[in-house]
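*Asks:* coords below, sequence missing:
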């Protein structure tokens, strides 16, 4: 079975300073853009992670444990552009596309959305279909990407945990999965297949939709309750959320719901 595309599909992978969606940053981004006619293009960005301390923007240190995984150190990205400098270019690449990644629904996509939100790049990732190759893998052959590459493609994954190698492997694994399994071949159906039963209003999984498509809290003392209902009776909770250590994209969803109540 072949992959059926109605629009370009962008396979992407991130290497980061850590695994905290709200506070960590991208240090490498790689993508392969597959077009409906079978042609493709690819690119890898090294990114200098920055943070603002006392109003001053400075390079963020890449922790040793993160560098041990992906092999990228502070000096490797010191002269690279920041995400703010390349965000618009990346958004243009993604415009009109669907997305695919490996465990991307739970990490890469939320963190990418956070970087876009933090730098005020105008892109709505929620309008895109998202295929998570990891979910297909775990539903059929629960293992990691290195094992998936060996199992499906019969090759060893050299240079694992570099964005370029992982992106290429993810692309090849999906192509092999389509040949092996009786799974959907369109991006929309694959996105539905890999999304799971729970639908999220944000990328970090803090806000979920109920059976009527209404946003509900997925954490804390109001878990399971509709966000709008909570804001009506506890306006202080909205203030606590927007000043707390939550991902910026999640805060924007809260703000949209809060402002809709005041129209």
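*Replies:* Here it is on my side, so go on. Quick caveat: nothing in here was measured; it's all calculated off a predicted structure.

*Asks:* can you give me the end-to-end distance of stretch 113-124?
*Replies:* End-to-end distance for stretch 113-124: 9 Å, by CA to CA, to the nearest Å.

*Asks:* Need the mean per-residue confidence for it.
*Replies:* Averaged across stretch 113-124, pLDDT comes to 94.

*Asks:* Which residues does that stretch contact?
*Replies:* By CB atoms under 8 Å, 6 or more residues apart in numbering, the surrounding residues in contact with stretch 113-124 are 21-22, 25-26, 83-84, 87-88, 90-91, 94-95, 125, 203, 247-249, 252. Heads up, the C-betas are built off the backbone N, CA and C, glycines and all.

*Asks:* Next, the buried residues of that stretch.
*Replies:* Buried residues in stretch 113-124, counted by 16 or more other CB atoms under 10 Å: 113, 114, 115, 116, 117, 118, 119, 121, 123.

*Asks:* what does stretch 144-152 contact?
*Replies:* For stretch 144-152, using CB under 8 Å, 6+ apart, the contacting residues are 102, 133-134, 137, 141, 143, 155-157, 160, 166, 169-170, 172-173, 176-177, 180.

*Asks:* And for stretch 98-110?
*Replies:* 7-14, 19, 21, 125, 128-135, 145, 166, 169-171, 173-174, 187-188, 191, 194-196, 202-205, 247, 249.

*Asks:* related to what we said a few turns ago, any of the contacts of stretch 113-124 buried? List them.
*Replies:* Among the contacts of stretch 113-124, those buried by neighbour count (16+ other CB under 10 Å) are 21-22, 25-26, 83-84, 87, 90-91, 94, 125, 203, 247-249.

*Asks:* Of all pairs in those, which one is the farthest apart?
*Replies:* Largest separation among the buried ones among the contacts of stretch 113-124 by CB to CB: 22 and 94, giving 21.7 Å.

*Asks:* what sits up against stretch 69-79?
*Replies:* With contacts defined as CB under 8 Å, 6+ apart, stretch 69-79 is touched by 15, 27-28, 46-49, 59, 61-62, 66-67, 161-163.

*Asks:* Could you identify which of those residues has the most neighbours?
*Replies:* Using other CB atoms under 10 Å as the neighbour test, the contacts of stretch 69-79 are led by residue 27, with 27 neighbours.

*Asks:* Secondary structure element for it, which one?
*Replies:* strand 26-34 (DSSP states H and E).

*Asks:* could you give the mean pLDDT of that strand?
*Replies:* Averaged across strand 26-34, the pLDDT comes to 98.

*Asks:* before we move on, what about stretch 88-98?
*Replies:* The average pLDDT within stretch 88-98 is 97.

*Asks:* how about the strands in the chain?
*Replies:* Remark: strands assigned in the chain by DSSP state E are 9-16, 26-34, 40-46, 50-53, 56-59, 98-101, 130-132, 207-209, 215-217.

*Asks:* and the direction of the third one versus that of strand 9-16, what angle?
*Replies:* When axes from the mean of the first three to the mean of the last three CA atoms, to 10 degrees is applied, the directions of strand 40-46 and strand 9-16 differ by 10 degrees.

*Asks:* So which of the contacts of stretch 98-110 belong to helices?
*Replies:* If you go by DSSP state H, the contacts of stretch 98-110 have 133-135, 145, 166, 169-171, 173-174, 187-188, 191, 194-195, 249 in helices.

*Asks:* Which among those residues count as buried?
*Replies:* Neighbour counting by 16+ other CB under 10 Å classes 133-135, 145, 166, 169-171, 173-174, 187, 191, 194-195, 249 among those as buried.

*Asks:* Looking at the residues you listed, spot the one nearest residue 1.
*Replies:* Closest approach between those and residue 1, by CB to CB: residue 174, at 11.3 Å.

*Asks:* Touching, the closest one and residue 131? I think so.
*Replies:* Yes. Between residue 174 and residue 131 there is a contact under CB atoms under 8 Å: 7.2 Å.

*Asks:* can you count the residues close to residue 12?
*Replies:* By the criterion of other CB under 10 Å, residue 12 has 24 neighbours.
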